[in-house]
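>>> Next come a sequence and a model predicted from it.
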Amino acid sequence: MRFDFNSAIGLILALAGIVGGHILEGGHVDSLLQVTAFVIVAGGTVGAVMLQTPIRVFWGGIRMLKWIFIPPNYASESLIRQITVWSSAVRKEGLLILDTGVEEIEDPFVRKGMHLLVDGTPPEKMREMLEVDINAFEDFGRQSARVWEAAGGYAPTIGILGAVLGLIHVMENLSNPAKLGGGIAVAFVATIYGVGLANLVFLPIANKLKTLINQQVIWREMLIDGLVAIAQGENPRIIEEKLLGYVV
């Protein structure tokens, strides 16, 4: 596992730009900290997303959040080297040489592919079965990423609702000037929270997750091509050159 410093730096830079600009204009950080506004935006957004999303997909999206800073380790170069080693071993010893250690493979997709290869599954049947798994993985992954995309869509609107609620509070207390400041603050800060969370957090997270899912799909497709080539008895060098086409 490697930490993605790019995501951390991007988030810090985005927040620093907004808060720093506010301070440069003579504002105070305290004026951006409104618990009421945060409760309205966060609670409303989460509730709306949960309402539209099946619970399994919702929690899938929450679990995927860690990928933003610690993405899954799918290195194409190491996979190509491993497939080349498998191909060379099969060419010398036969398919059964791969049976040793299959159960120790951690990735269930790789383990399934190796089982199919060792069992002598016809190449096209192997490809068909593994592509079903890829399609299911991609569909669930993209649905989970859309949890954050949906949050990015709802948050600005909830922020506007928070602003309206703040203004209602102001109108109710026109005869009491001491209470006007709090209502106005909630009105403006709720809008900032809604728009800010959507464009600085939720939507970037959704797009980053989609990119990571796409990378994993390509990695799995490369594995399928490698296993099918081994099953077809292709030369290890040819297999390696073919798979290197995936590496950009």
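In hand now; what should we look at? Numbers count the residues shown, from 1 in each chain.
>>> Report the residue spans of the chain with pLDDT below the cut-off.
Applying pLDDT under 70 to the chain flags residues 1, 177-183.
>>> so which helix or strand takes in the spatially most central residue of it?
Nearest to the geometric centre of the chain sits residue 209, at 2.2 Å (CA atoms, centre = their mean). Element membership of residue 209 [criterion: DSSP states H and E] is helix 203-231.
>>> buried sites along that helix?
By neighbour count on 16 or more other CB atoms under 10 Å, the buried set for helix 203-231 is 203-206, 208-210, 212-213, 216-220, 222-231. To be clear about C-beta, it is placed using only N, CA and C from the backbone, and glycine gets the same treatment.
>>> Assign a three-state SS to the residue of the chain most remote from its centre, would you?
Taking CA atoms, centre = their mean, the residue of the chain most remote from its mean C-alpha position is residue 175, at 49.8 Å. Three-state call for residue 175 (DSSP: H, G, I helix; E, B strand; the rest coil): coil.
>>> which residues touch residue 152?
Taking CB atoms under 8 Å, 6 or more residues apart in numbering as the criterion, residue 152 is in contact with 197-199, 202-203, 206.
>>> how about a cut-off of 10 Å?
The neighbours of residue 152, taking CB atoms under 10 Å, 6 or more residues apart in numbering as the test, are 45, 49, 146, 197-207.
>>> can you check residue 121 too?
Per CB under 10 Å, 6+ apart, neighbours of residue 121: 113, 115, 127-130, 227-228, 231.
>>> Could you do residue 99 as well?
Contacts of residue 99 (CB under 10 Å, 6+ apart): 114-115, 117-119.
>>> for residue 140, same thing?
56-57, 60, 213.
>>> Against residue 57, how distant is it?
Distance, residue 140 to residue 57, by CB to CB, to the nearest Å: 7 Å.
>>> and residue 91, what does it touch?
Contacts of residue 91 (CB under 10 Å, 6+ apart): 97, 230, 233-236.
>>> Let me know the helix or strand that residue 134 is in.
helix 123-172.
>>> Now tell me what touches stretch 2-20 from outside.
Residues contacting stretch 2-20 (CB under 10 Å, 6+ apart): 27, 29, 32, 67-71, 73, 75, 192, 196, 199-201, 204-205, 208, 212.
>>> now that stretch, how far from the chain's geometric center?
Offset of stretch 2-20 from its chain centre (CA atoms, centre = their mean, to the nearest Å): 17 Å.
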